[in-house]
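[1] let me see the structure of the following:
(2 chains)
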Amino acid sequence: MSTDKKTLLNELQQAVIEGDGERAKVATQKCLDAGIAPLEAVEFGLRDGLKIVGDRFEKLELFLPDLMLAAEAGNQVMSVLEPIITAGGGESKSAGTVVIGTAKGDIHTIGKNILAMLLKLSGFQVYDLGADVPATTFLEEARKHKADVIAISALMTSTMPGQREVVRLLNDVHERESYEVLVGGAPVTQNWATEIGADGYSETASGGVALALKLVAKK
Amino acid sequence: MIDFFEITKRALNGPYSAEQDFAMKILVPKLKAVVKKYGIKYDPNNPVPSDDKLADDIFQAGLELCAEVGCYCKDTSRIIKFTPEEIAEALRDAPFAPVYGEGADEKAMSVRRPESSEKPYCFLGAGGGISTNEDVYVRMVEGYGRIPKINSVTCPTITKINGMDVVAGSPLELLACIRSVELGRAALRRAQRPGLPIMNAIATAVTAAGKITGSSFGLRNTDAWICGFTSPMQVQFERLNEVAYILARGGKIVGESGEIMGGYCGGPEGTAVINVAYHVLSILVLRASSHLTFPIDFRYASNTSQEVMWAVSTSTQAITRNSHHPILNLTYVGAGPMTEMCLYEIAAAHIGRVASGGNIEFGGVAKAITLDHFTPLEPRFASEVSHAAAGMTRAQANEMFKLLNAKYKDQLPNPPKGKKFQEAFDWDSIVPCQEYVDLYGRIKNELTSYGLKFE
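    Residues are numbered from 1 along each chain as shown, chains lettered A, B, ... in the order given. Model prediction:
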């Protein structure tokens, strides 16, 4: 790769890291004008930038608002690239589709928000259903978006049964096999995940991303 | 100070904002701006700083944040705003030295100051810990009642009644709340401390209905109800409904805030500043008799890391130097009972908090998320360390924190779970097993060799 191209991709990457959507959009256009392939811009500009953001978040060098801004900048980049990739017969690679929310009765959202952002940074299409989400809503939204993964967070022991309710509902409507169910939240454990028949549990948000990637790859 | 009717009015009629805009377009930029304006900077070499100017700057930054941002009502999507004059008035009129408990256990909680030799108020027990069943709950609370330095008790959460999972918002939540109060009161009587206040009414409650219903089954106005904010700087009607009920019956509220370091507030600097803002909001919005704070490190889901220590220390100094409204610092340790790490974390955290001027709540053992992984010995140890640390200078506490933190910091990502109450304690006599007594004695001796003077 020429030095000029590297410089342009670095500029794109930096704009994403700094969460500057407008700058990222301009940098993307400059990459295209210089003849950089759209998928190359996605791979080396966007994905690498988002990975750096995720890594720095883990080290407490960047914080949740930075993740959100970087994810938004990523959306801006894709708004330029996606039509071109699609028109060229290509497909922008998505890691998979996740519907995520906090279990019925639970209004705590920060842990769920962090996982949602890290999933986006890792290339997932994420539909965030918010807090206090009934089992039926998880099911309806998962159907609507053809989700690969349903991720349910609970911060309180008395809202953990809301996670079990989702699994029970999926079984009742004979759609359990259609989705990978991930559970998490402070009081949630692997034992609980096993007991309710979830497909996976992670103590940390970054572990949750790794697990989602693994489960989707297996599907 | 403006009254609760005015708070409710503003919650219903204040300026509208979408929830995400409140966080990302109002709170985050203002928080960054005040941190920058006052030049607040985290110093990894001094987790317990001795810098009065830094503390006062953090206090001013917190007041500005509070005035410029306000408190978001999730139910109405409206912001409860305050003028700088109303904030000053709230600090002037805020309760001081509230009295909790009855008879021999009646005691006032006063605001301490940094380096004060006054013994901290000790609010001890489960700190959100979760118990398997009612038998464990009763034995645990009786064990807490027998801690010599305890001033008020934090009861565990009951996760099952009659063998059924307690589901939030269902009749089981209400029944579990009733049982929590009845059993807690009975357990304290068994411990011969009938007047000891239950200060975390009601841990098992998720909804206002649960908390209010349980309250009619044995809570007294000399106890206290915990009502909390939702992160970041938000409140729900569920909590305001509880406040309305508690004020009407003449009870006392402990206003709770637990911001997540790494979340919307950013790093240690933002966490310290937002803690001050919560202090003021707790007085105004939650009508608190005292303020309970527990910033959490998102990386570890505990709060004994060096970065959190700095945020807690500086904000505690900021508040205790500038407000007469008492605060309590709640600690969550990563490690479980009967481990060295657990006792080192407790010692490090409480030395730093007490030298900074805080009263204490302890505690959350094994992050308070593992069933039955807490015992009465950890809060007892916390109270003994806290009494011994009263009068210590911030510089001494800083050195001691660094020494102790070095012993556990590498284990924070994967702390040992330790033993269950049933394994670490004798079930019938509610006393620790010999192995635990030996470990506790050894760590106390080690702390003594570092200069801590136990009573």
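
[2] up against chain A, what does chain B have?
    Taking CB under 8 Å from any CB of the partner chain as the test, the list of chain B residues beside chain A reads B:23-24, B:28, B:74, B:130, B:157, B:159, B:165-169, B:173, B:176, B:204, B:206-207, B:230-231, B:236, B:260-267, B:270, B:298-299, B:301, B:307, B:367, B:369-370. For glycine as for every other residue, the C-beta is placed from the backbone atoms N, C-alpha and C.

[3] let's go with 6 Å and repeat that
    Contact residues, chain B versus chain A (CB under 6 Å from any CB of the partner chain): B:28, B:130, B:159, B:165-169, B:206, B:231, B:260, B:262-264, B:266, B:301, B:369.

[4] and whatever residue of the stretch 151-300 of chain B ends up closest to chain A, what does it touch?
    When distances are taken as CB to the nearest CB, the stretch 151-300 of chain B reaches nearest to chain A at residue B:168, 3.5 Å away. Neighbouring residues of residue B:168 by CB atoms under 6 Å, 6 or more residues apart in numbering or on different chains: A:105, A:158, A:159, B:206.

[5] that one looks like it's in a strand, true?
    No. Assigned with DSSP: H, G, I helix; E, B strand; the rest coil, residue B:168 falls outside any strand and is coil.

[6] quick check: closest non-adjacent residue to it.
    residue A:105 (3.5 Å; CB to CB, 6 or more residues apart in numbering or on different chains).

[7] same question for residue B:278.
    Using CB to CB, 6+ apart and skipping the chain neighbours, the partner closest in space to residue B:278 is residue B:257 (3.6 Å).

[8] show me what contacts that neighbour?
    Going by CB under 6 Å, 6+ apart, residue B:257 touches B:229, B:278, B:293.

[9] re the thing from before, need the pLDDT of the residue of the stretch 151-300 of chain B closest to chain A.
    We have a pLDDT of 90 for residue B:168.

[10] tell me how far it lies from residue B:192.
    As judged by CB to CB, to the nearest Å, residue B:168 and residue B:192 stand 34 Å apart.

[11] cool, and residue B:102?
    For residue B:102, the distance to residue B:192 equals 14 Å [CB to CB].

[12] looking at those two, which is more packed in?
    Using other CB atoms under 10 Å in any protein chain shown as the criterion, residue B:102 and residue B:192 rank with residue B:102 on top: 15 against 11.

[13] buried set for stretch A:201-219?
    A:201-206, A:208-209, A:211-213, A:215-216 (16 or more other CB atoms under 10 Å in any protein chain shown).

[14] identify the farthest-apart pair in the residues you listed.
    Within the buried residues of stretch A:201-219, two members stand farthest from each other by CB to CB: A:203 and A:216, at 19.9 Å.

[15] how about residue 60, phi and psi?
    The chain I'm using is chain A. Reported as degrees, to the nearest 10, the phi and psi values for residue A:60 are phi 60, psi 30.

[16] hmm, no, I was thinking of chain B.
    phi -60, psi -40.

[17] circling back: which ones among the residues of chain B next to chain A are found in strands?
    Using DSSP state E, the members of the residues of chain B next to chain A that fall within strands are B:130, B:165, B:260.

[18] need these in JSON lines (columns: neighbour count and pLDDT).
    Formatted as JSON lines, these follow (neighbours: other CB atoms under 10 Å in any protein chain shown; pLDDT from 0 to 100):
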{"residue": "B:130", "neighbour count": "25", "pLDDT": "88"}
{"residue": "B:165", "neighbour count": "15", "pLDDT": "89"}
{"residue": "B:260", "neighbour count": "22", "pLDDT": "93"}
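
[19] doesn't residue B:391 fall inside a helix?
    No. If the criterion is three-state DSSP, then residue B:391 is coil and not within a helix.

[20] so who does it touch?
    With contact taken as CB under 6 Å, 6+ apart, residue B:391 is in contact with residue B:117.

[21] give me phi/psi at it?
    phi 100, psi -10.

[22] quick one: pLDDT of it?
    At residue B:391, the predicted lDDT confidence score is 97.

[23] could you measure from it over to residue B:450?
    For residue B:391 relative to residue B:450 (CB to CB), the value is 15 Å.
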